[in-house]
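K.L.:
Compute the structure for the input listed below.
(chains A and B)
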Amino acid sequence: MTDPGEVVVPIRADVDVVVARQKIRGLVSDLRFSGNELTLIATAISEVARNIVSYAGNGEIVMRVIQRGQRRGITVVARDRGPGIADIERAMKDGFSTSRGLGLGLPGSKRLMDEFELVSEVGKGTEITMTKWER
Amino acid sequence: MRASILKQNRFLIASVQGSMSDADLVELRDELASGVRRHRSTGVIIDVTMLDVMDSFAARTLRGVAQMVRLLGAECIVVGIQPEVAFSMVQLGLTLEGMTTALDLEDGLDALEAGVSGQGNLL
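P.N.:
Reported below is the predicted structural model:
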């Protein structure tokens, strides 16, 4: 479970959002990410972690180094057992928010990463899986 | 709070630390609003040089600070947005609409001084 290429951060309060985005820098230190890319990943983590705090109350962020052929990357999973998202299509539109946000969190995070998948079921929770590959 | 606020003449200079939680950002907003009133400040500079990430909540809160400060009759300038943070903000789709920004603290102070010379805040 706890291999060195994986970090799990429980998300319960706004301070955990900061913890999650700080942990990523240590985890990917030997991957070939530029400072720009690191900031993009940290920002995307910040957005999905905040979504957990705002909508579900608690959940977790799992970050792991992955490899596909010669290519390495980082996968971030944001998971909660919150209310779920009723209208995913709408949630992925810029400017749509049901809380205090700008409504850029989900669509914005998708733009920051290379791959982005959102699975959600009303009443069960939400799981976002997003990946960034080394150039 | 993970930010320090320094009073310099009629300006308040807030230096944000590396990572600000939502609560830290909200506290900064409230401290600046009460500080402007207490010190009769005409300008506020928020220095984000050290800030690791500007996400949608941070951007929204800073926009709120700027609007509040302006309603109190002072000007607000955000300085020191790092190139990689700016890059990330653009990708995310964040704008600091209606906000004044400057490259660094020095330019920010110059802008405030130029703007407030003579008759209040013209910036």
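K.L.:
use CA for all of it now, contacts and neighbours both
P.N.:
Will do.
K.L.:
Specify the local secondary structure of the spatially most central residue of chain B.
P.N.:
Taking C-alpha atoms, centre = their mean as the criterion, B:Ile46 is the residue nearest the geometric centre of chain B, at 2.9 Å. What DSSP: H, G, I helix; E, B strand; the rest coil gives for B:Ile46 is strand.
K.L.:
My read is that it contacts B:Phe11, right?
P.N.:
No. The pair B:Ile46 / B:Phe11 is not scored as a contact, 10.8 Å apart, by C-alpha atoms under 8 Å.
K.L.:
returning to what we had before: tell me the contacts of the residue nearest to the centre of chain B?
P.N.:
B:13-16, B:76-79 (C-alpha atoms under 8 Å, 6 or more residues apart in numbering or on different chains).
K.L.:
Which of the residues you listed sits closest to chain A?
P.N.:
Set against chain A, the nearest of the contacts of B:Ile46 by C-alpha to the nearest C-alpha is B:Val16 (14.0 Å).
K.L.:
Quick check: that closest one touching B:Ala3?
P.N.:
Yes. Applying C-alpha under 8 Å as the test, B:Val16 and B:Ala3 come out as touching, 4.5 Å apart.
K.L.:
between these two, which one's more packed in?
P.N.:
Taking other C-alpha atoms under 10 Å in any protein chain shown, B:Val16 and B:Ala3 do not tie; B:Val16 has more neighbours (22 against 19).
K.L.:
gap between that one and A:Ala49?
P.N.:
Distance, B:Val16 to A:Ala49, by C-alpha to C-alpha, to the nearest Å: 21 Å.
K.L.:
Would you indicate which residues of stretch B:53-69 are buried?
P.N.:
B:53-63, B:65-69 (16 or more other C-alpha atoms under 10 Å in any protein chain shown).
K.L.:
For the lowest-mean-pLDDT helix or strand in chain B, output the C-alpha coordinates as CSV.
P.N.:
One helix or strand of chain B scores below all others by mean pLDDT, DSSP states H and E: helix B:105-116, with a mean of 89. Output of helix B:105-116 as CSV, limited to C-alpha atoms (Å, rounded to 0.1, in the frame of the first residue of the first chain):
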residue,chain,number,x,y,z
LEU,B,105,7.2,45.9,-4.4
GLU,B,106,9.3,48.7,-5.8
ASP,B,107,7.1,49.3,-8.9
GLY,B,108,4.0,48.9,-6.7
LEU,B,109,5.2,51.6,-4.3
ASP,B,110,6.0,53.9,-7.3
ALA,B,111,2.6,53.4,-8.7
LEU,B,112,0.9,54.2,-5.4
GLU,B,113,3.0,57.3,-4.9
ALA,B,114,2.3,58.5,-8.5
GLY,B,115,-1.4,57.8,-8.1
VAL,B,116,-1.9,59.4,-4.7
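K.L.:
All good on my end, thank you.
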